[in-house]
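Q: just a sequence and a predicted model for now, questions to come.
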Amino acid sequence: IVPDVVEFGDWATVVLDFGVNNPDGSLLRIDNRETDHWLGMDSVEIDSHVLLQRLPQLKACVQKAAYIAARTGAPAASLQDLPNSPEVFATDPLRLPRYADLLKAFSYQDFLDHPEEPERLVDLADAKAVVRAMDAIQAFTAGLPTGAVRRFGVTGYSKLATATYIAAAADSRVKAMAPMAIGMHALSDGAYDAPEGHSATIAARAARRATYGKQPNSWKDLYLPVRVSANTPEMKKMMQIIDPANFKERLTMPKLVATAANDRVLSQDFEPQYERIVPQMPGVTAYLNVPNCDHDEVIVKSLPTSAALFRGVLLGRTPPTVASSWRGALGTIIAKQVGDTDIRPLAVRRWDGPLLDNNGPWASVPLPNGNGTTWSSRVPTSPFEQHASFIELEFEWPEPGHRFHVSTMEYP
């Protein structure tokens, strides 16, 4: 997608996507061949034979890339259906047509049985597809009056956030990224250090293989072979490949890490991972928790901020970010503006929601803006319900007309 006015012809943003985000928050998946989505997903098949018939869905699924192209003044591309699916694997005892998590979980199980072959991991295949997409974009734009693209931004959520991290680490052409709604499974020291031949390793492998050939009936069932493999050397090796916490030194480019406050796919257990890992990331790292937002909505509801990030990088400007801390004894959140502190926020607000209910609504309370760079606020207490809270700062950045949102972590 090339905007009418191209200000930065050497840049393109690649949007990794699953399909069409409907106004009601649901997702219509784009597949390149027909499949039976027994996990309850809505999908539409689009291939070279039905392009004209599927034109409305094609236009709808590239809206996010079109928005970013218009807001950045640079080309953008939409990469759908990573990887092509469904796939049937010869080594799969169930011979299921696999897609989405059904495919990802099997690739993890397959790698754990063959840890000397990292190419079995679908995350690496996805990252390779991103790299090849950048090659294709460069070749296409070489024929445009504005010249070939040489720098890229990449954004994706859920499974495609993992591909975003890996592609950014592997390819120096990626100069900014916005991964969203994916856990960072950081390895604690010694967490997966049961050596070869250890009883824990032997037991874990036996438990994994005992699950083979059993029909999964839920999302939880899909990853059971992976979960029971925790105390094995092959699990540690896999996490070293796919977990961005283990190659964060390569992620020096400006980045926006976003999460959905009402995520019903990822457990709230991931929040401490973000609190621990995001501050350790090199380079400029902005964090945003999006209120009243479920898993599949996060890439849409954070679009103004991700577009502003890419635009700011193109203009050579450093985004304002927030360092957060929690004073548990006082029940108080501390938000400290860092990065470009000369930019004052347009608004500062505290968001409050139910601690143990991902479906619950979040409500905002304005906080005094003042002249400083630090804000504090207590999490509300109630005898009837436990609350979680975070502080959000809204900026007009990198230039008038753009909105850039950052937040603290969610506490407690």
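A: Structure's in. What do you need?

Q: and the residue nearest the centre of the protein?
A: residue 180 (2.4 Å; CA atoms, centre = their mean).

Q: beta-bridge partners for that residue, please?
A: Beta bridges link residue 180 to residue 157, residue 258, judged by DSSP bridges.

Q: state the distance from it to residue 105.
A: 21 Å (CB to CB, to the nearest Å). All C-beta spots, glycine's among them, are computed from the backbone N, C-alpha and C.

Q: follow-up on the earlier one: and the residue nearest to the centre of the chain, what does it touch?
A: Residue 180 makes contact with 155-158, 161, 256-260, 298-299, 302, according to CB atoms under 8 Å, 6 or more residues apart in numbering.

Q: which of these lies closest to residue 98?
A: Nearest to residue 98 among the contacts of residue 180: residue 158, at 16.4 Å, using CB to CB.

Q: residue 182 is in contact with the closest one, correct?
A: Yes - here residue 158 reaches residue 182: they are 6.0 Å apart, a contact under CB atoms under 8 Å.

Q: residues shared between the contacts of the two?
A: If you check residue 158 and residue 182 against CB under 8 Å, 6+ apart, no residue is contacted by both.

Q: counting neighbours, what do you get for residue 113?
A: Other residues lying near residue 113 total 16 when counted by other CB atoms under 10 Å.

Q: list phi and psi for it.
A: Residue 113 adopts backbone torsions of phi -80, psi -20, taken as degrees, to the nearest 10.

Q: residues touching it, list them.
A: When contacts are counted by CB under 8 Å, 6+ apart, residue 113 touches residue 234.

Q: any idea how far residue 393 is from the residue nearest to residue 295 when sequence neighbours are not counted?
A: Sequence neighbours aside, residue 265 is the residue nearest to residue 295 in space, at 4.0 Å (criterion: CB to CB, 6 or more residues apart in numbering). From residue 265 across to residue 393, the span is 27 Å (CB to CB).

Q: the more surrounded of the two?
A: Taking other CB under 10 Å, residue 265 and residue 393 do not tie; residue 393 has more neighbours (25 against 15).

Q: picking that back up, out of the contacts of residue 180, who's the most crowded?
A: residue 155 (31 neighbours).

Q: excluding chain neighbours, what is closest to that one?
A: Going by CB to CB, 6+ apart, residue 155 has residue 178 as its nearest residue, at 3.9 Å.

Q: from memory the one you found sits against residue 254, does it?
A: No - Residue 178 lies out of contact with residue 254 (CB under 8 Å); the separation is 9.5 Å.

Q: who touches both of the two?
A: With CB under 8 Å, 6+ apart, residue 178 and residue 254 have common neighbours residue 309.

Q: who's more crowded, those two?
A: residue 178 (29 against 22).

Q: after the helix or strand hosting that one comes which helix or strand?
A: Assigned by DSSP states H and E, residue 178 belongs to strand 174-180. With elements assigned by DSSP H and E, the helix or strand that comes after strand 174-180 is helix 199-210.

Q: what sits up against that next one?
A: Contacts of helix 199-210 (CB under 8 Å, 6+ apart): 109, 112, 194-195, 225, 228-233, 235.

Q: and with 6 Å instead?
A: The contact list for helix 199-210 (CB atoms under 6 Å, 6 or more residues apart in numbering) reads 194, 225, 228-229, 231-232.

Q: stretch 330-350 too?
A: 318-325, 364-367, 369, 373-379, 389, 391-397, 408, 411.

Q: ok, of those, which come out buried?
A: Buried members of these, scored by 16 or more other CB atoms under 10 Å, are 319-324, 367, 373, 375, 377, 379, 389, 391-395, 397, 408, 411.

Q: which ones among the residues you listed lie within helices?
A: Among these, no member falls in helices (criterion: DSSP state H).

Q: quick revisit: now tabulate the contacts of residue 180 in a markdown table and tack on distance to residue 360.
A: Putting the contacts of residue 180 into a markdown table (distance: CB to CB, whole Å) gives the following:
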| residue | distance to residue 360 |
| --- | --- |
| 155 | 27 |
| 156 | 27 |
| 157 | 22 |
| 158 | 22 |
| 161 | 24 |
| 256 | 25 |
| 257 | 23 |
| 258 | 20 |
| 259 | 16 |
| 260 | 13 |
| 298 | 17 |
| 299 | 22 |
| 302 | 20 |
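
Q: reformat these as a markdown table; add distance to residue 53 and pLDDT.
A: A markdown table is the format used below for the contacts of residue 180 (distance: CB to CB, whole Å; pLDDT from 0 to 100):
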| residue | distance to residue 53 | pLDDT |
| --- | --- | --- |
| 155 | 29 | 99 |
| 156 | 27 | 98 |
| 157 | 28 | 96 |
| 158 | 28 | 94 |
| 161 | 31 | 96 |
| 256 | 36 | 98 |
| 257 | 38 | 97 |
| 258 | 34 | 97 |
| 259 | 37 | 95 |
| 260 | 33 | 95 |
| 298 | 30 | 97 |
| 299 | 26 | 97 |
| 302 | 32 | 98 |
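
Q: mind listing residues that contact stretch 151-164?
A: So stretch 151-164 is contacted by 10-16, 104, 123, 126-127, 130, 134, 167, 173-182, 298-299, 306, 310 (CB under 6 Å, 6+ apart).

Q: ok, and the closest non-adjacent residue to residue 167?
A: In space, residue 167 is closest to residue 130, 4.0 Å off (CB to CB, 6+ apart).

Q: checking my notes, that neighbour in a helix, right?
A: Yes - assessed by DSSP: H, G, I helix; E, B strand; the rest coil, residue 130 belongs to a helix.

Q: what is the burial count for it?
A: Neighbours around residue 130, by other CB under 10 Å: 25.

Q: now residue 245: how far from residue 279?
A: In terms of CB to CB, residue 245 sits 12 Å off from residue 279.

Q: more crowded one of these two?
A: Taking other CB under 10 Å, residue 245 and residue 279 do not tie; residue 245 has more neighbours (20 against 13).
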